[in-house]
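> sequence first, then the predicted structure, then my questions.
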Amino acid sequence: MLDTFPTPPPRSTYTWSVFTKPWSGLPGDELGKLVAGLGFTGAEIPVRDTAYVTPATAEAELPKFTDQLRAEGVEPISIASDLSESAFSACAKAGVPMIRIMAPIGPDGYAASVRRIRQELEESAALVQRYGVQVGVQPHHGRFVTSSLGVLQLLDGLPDEFKVVWDAAHDALAGDDPAITLDLVRDRLGIVNLKNAKYVQTSDGWKTWFGQAGEGLSSWPTIFQHLEDYTGPICLTGQYSDPSVPVEVRVMADLQFAQAAAVTSAR
């Protein structure tokens with residue numbers, strides 16, 4: 001059962017944001033109206049071959065796209081893309097502060113993959129400085145660097161512009177405690193992602209299942225108790241395994257839950 005809270009006004013220090021992947025084919029004007037109508041004031045934009053803005057068109061299209069979002073009161077917080085120079089250039093032109101990536105593990109194994117990703121991050125440091133755009137690295141369950149602490153180690157010694165994108169669901173799937181991980185990544189914390197997940201047993205073994213705010217291993221109210229000094233974006237990722245209810249309905253309910261949890265934790 002979902003935890004319930006009253007619905008007080010949201011804590012004003014956060015930019016309440018949503019990852020717009022579920023609506024990635026929409027043009028900026030339509031997306032801006034949708035996101036604002038759901039109650040969000042921020043958005044992360046996928047820049048991928050399957051999205052409205054692609055890596056090939058980003059330098060030309062992203063500034064127009066983000067202007068259309070801002071016209072609806074929605075501030076772009078990041079793009080989900082790669083570390084190509086064109087992605088940095090597009091973000092700089094559009095005023096988008098961060099590129100979010102993950103750290104995949106290849107067939108050569110964990111150690112070799114981490115060395116390779118670290119080299120890519122070091123090589124991107126010049127682009128970070130040239131364009132004034134941050135890089136956010138998110139842990140992810142599966143064949144990625146799965147823990148916040150693994151990402152923090154990956155970023156050790158890099159400039160402050162390299163951030164951790166902390167993710168509630170993947171932190172819980174890794175078996176970590178947000179009281180520990182949020183404290184340790186505090187100095188590099190760039191975005192807090194909110195979603196929830198748990199393991200379910202199927203005929204093919206244990207699988208991950210993504211649900212709403214109170215339906216998984218992560219306690220969102222507990223998370224807000226450990227964000228005392230954080231004033232950056234809170235991003236709901238809109239990822240749900242059950243397609244029977246529209247994403248818009250679920251994410252609106254989760255936004256209200258998160259806002260209430262944030263205010264309750266501040267009392």
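Noted; the coordinates are in hand.

> please count neighbours and contacts with C-alpha atoms only from this point.
Noted.

> how far does stretch 43-59 sit from its chain's centre?
Centre-to-centre, stretch 43-59 and its host chain are 16 Å apart (Cα atoms, centre = their mean, to the nearest Å).

> mind checking how far the residue nearest to the spatial centre of the chain is from K163?
Closest to where the C-alpha atoms of the chain average out (Cα atoms, centre = their mean) is N193, at 4.4 Å. Computed as Cα to Cα, to the nearest Å, the N193 to K163 distance reads 13 Å.

> do the same with G28
Here G28 is placed at a distance of 27 Å from K163 (Cα to Cα).

> quick one: name whatever helix or strand follows the helix or strand hosting A125.
Using DSSP states H and E, A125 sits within helix 110-131. Using DSSP H and E, the helix or strand that follows helix 110-131 towards the C-terminus is strand 134-138.

> elements contacting the next helix or strand after that next one?
Per DSSP H and E, strand 134-138 leads on to helix 148-155 as the next helix or strand towards the C-terminus. Applying 3 or more Cα pairs under 8 Å, 6 or more residues apart in numbering; DSSP states H and E, one finds that helix 148-155 contacts helix 110-131, strand 134-138, strand 162-167, helix 178-184.

> how far off centre is helix 148-155?
Helix 148-155 sits 16 Å away from the centroid of its parent chain (Cα atoms, centre = their mean).

> for it, buried residues please.
For helix 148-155, the neighbour count (16 or more other Cα atoms under 10 Å) marks 148-152, 154-155 as buried.

> my read: P22 touches T237, true?
No: if you go by Cα atoms under 8 Å, P22 and T237 don't touch, sitting 9.0 Å apart.

> who's more crowded, those two?
Using other Cα atoms under 10 Å, the more surrounded residue of P22 and T237 is T237, with 20 against 15.

> you'd agree the more buried one is up against K195?
Yes: checked against Cα under 8 Å, the pair T237 and K195 is within contact range at 6.1 Å.

> who does the least confident helix or strand in the chain by mean pLDDT touch, helix- and strand-wise?
Least confident helix or strand, the chain: helix 247-266 with a mean of 94, by mean pLDDT, DSSP states H and E. Contact here means 3+ Cα pairs under 8 Å, 6+ apart; on that basis helix 247-266 packs against helix 220-225, strand 233-236.
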